[in-house]
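> I'd like to go over a predicted model; first the sequence, then the structure.
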Amino acid sequence: MFANVIALLGHFSASLAVEGSVASLLGSVTIDMEARGAGNQAKKLKADFEIEHTMREDVYKVVRAMKCTNDEDARLLFSHDELEGLPKDYFDGQETEDDADGEIKYVVTSKYLDYLPLMKYAKQESTWKAMLVTDENRCPDNIPQLQELMKLWLEQAQLLGYNTYSEYALEVLMAKTPQAALDMEEDLLARVAAPAKRELAELEALKKADMEAAGEPYTGFYHWDRPYYAQLVVEQRHKLKSEEVKQYFPLAQATRGMLDIYQKMLGLRVVQVDNELVWHPDVETYEAWEANEDVFVGHFYLNLYPHD
């Protein structure tokens with residue numbers, strides 16, 4: 001949807017603004033009455049068209065669906081006890097508010113800086129479950145649009161002589177046919193089934209031990225359990241703690257190291273440049289040049305910090 005609607009709208013609006021400014025200038029400053037009249041007529045046609053296309057319901061639905069997907073974060077309130085296990089710096093600057101009973105609660109969203117640490121380090125299963133279930137149920141208004149989109153995909157494929165949309169979409173890809181894709185999936189599942197079962201058994205054993213220690217019955221291993229117990233395996237088996245490891249990888253040093261690797265791999269020379277025309281002051285702009293030639297390849301940007 002982004003490429004077919006949002007990006008096209010952006011490019012179209014930019015080009016229309018440029019062409020519209022020419023017509024506006026012509027209608028305002030030229031001394032030729034005929035040219036001035038044509039410029040003013042073009043301005044009116046442009047204004048009428050902008051009103052018409054911004055009032056289109058189908059475009060509005062797509063824009064609204066994309067905005068919902070990008071902007072609608074899950075938002076929950078947790079007490080400090082419900083967030084037991086999280087590192088101290090997690091609470092630094094964390095938004096708080098009073099709940100209905102006047103108790104101070106921490107506001108936790110589904111943005112990854114909130115979500116991932118909570119799922120990995122919070123110790124209470126009820127906290128993981130509440131977070132995951134709320135996050136997975138975002139944007140319910142998009143469901144009818146997605147269902148309609150799937151019907152249209154099928155209709156498109158059948159009009160072109162295909163039985164399913166999968167046949168149409170895969171024909172130009174490496175798989176070529178749905179059966180080839182299914183065969184590859186089944187082959188992959190057969191290869192990973194045994195190690196996956198061993199990993200699951202290890203995670204289940206950790207949860208069973210926790211339940212036994214707490215005097216609670218073991219009821220099963222659920223999707224929301226995995227991040228916490230997978231992190232526990234890393235800490236217990238490999239003796240690695242992310243909070244301790246990350247101090248050896250300051251951002252500036254890690255970024256420079258990553259760029260050095262890419263320079264060597266791709267035969268490029270990467271140079272950071274000043275650029276005031278970025279969407280946030282923290283965004284860094286780089287130029288890429290051929291390593292041994294004065295040949296410009298292009299620009300790229302690093303946006304390394306989360307923004308609202």
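Arrived safely. Numbers count the residues shown, from 1 in each chain.

> Can you give me the domain assignment for this structure?
2-69, 72-136, 177-246, 251-302 (automatic domain parsing).

> now, of those domains, which is deepest in the fold?
domain 72-136 (a mean of 15; mean count of other C-beta atoms under 10 Å). In short, each C-beta sits where N, CA and C put it, glycine included.

> what separates that domain from the chain centre, distance-wise?
From the chain centre to the centre of domain 72-136 is a distance of 20 Å (C-alpha atoms, centre = their mean, to the nearest Å).

> so for that domain, what's the average pLDDT?
Domain 72-136 carries an average pLDDT of 91.

> what's whichever strand or helix holds T255 in contact with?
According to DSSP states H and E, T255 maps onto helix 251-266. With C-beta atoms under 8 Å, 6 or more residues apart in numbering as the test, helix 251-266 has contacts from L268, R269, V270, Y286, A291, L302, L304.

> which ones are touching D99?
Neighbours of D99 in contact, by C-beta under 8 Å, 6+ apart: L77, K105.

> What does it show for phi and psi?
Main-chain torsions, D99, degrees, to the nearest 10: phi -80, psi -170.

> do you know how far it is from A190?
50 Å (C-beta to C-beta, to the nearest Å).

> Which neighbouring elements make contact with the top helix by length along the chain?
In terms of residue count, the longest helix belonging to the chain (DSSP state H) is helix 178-213. Applying 3 or more C-beta pairs under 8 Å, 6 or more residues apart in numbering; DSSP states H and E, one finds that helix 178-213 contacts helix 165-170, helix 226-237.

> hmm, 6 Å instead?
Applying 3 or more C-beta pairs under 6 Å, 6 or more residues apart in numbering; DSSP states H and E, one finds that helix 178-213 contacts helix 226-237.

> and the helix it packs on, what does it pack onto?
Contact analysis of helix 226-237 by 3+ C-beta pairs under 6 Å, 6+ apart lists helix 112-121, helix 178-213 as its packing neighbours.

> give me that answer again for 10 Å
On a contact count with 3 or more C-beta pairs under 10 Å, 6 or more residues apart in numbering; DSSP states H and E, helix 226-237 meets helix 112-121, helix 125-136, helix 178-213, helix 242-245.

> contacts for that helix?
Contact partners of helix 226-237, identified using C-beta atoms under 10 Å, 6 or more residues apart in numbering, comprise 85, 115-125, 127-128, 131-132, 199-200, 202-207, 210, 221, 240-242, 244.

> Nice, that's everything, thank you.
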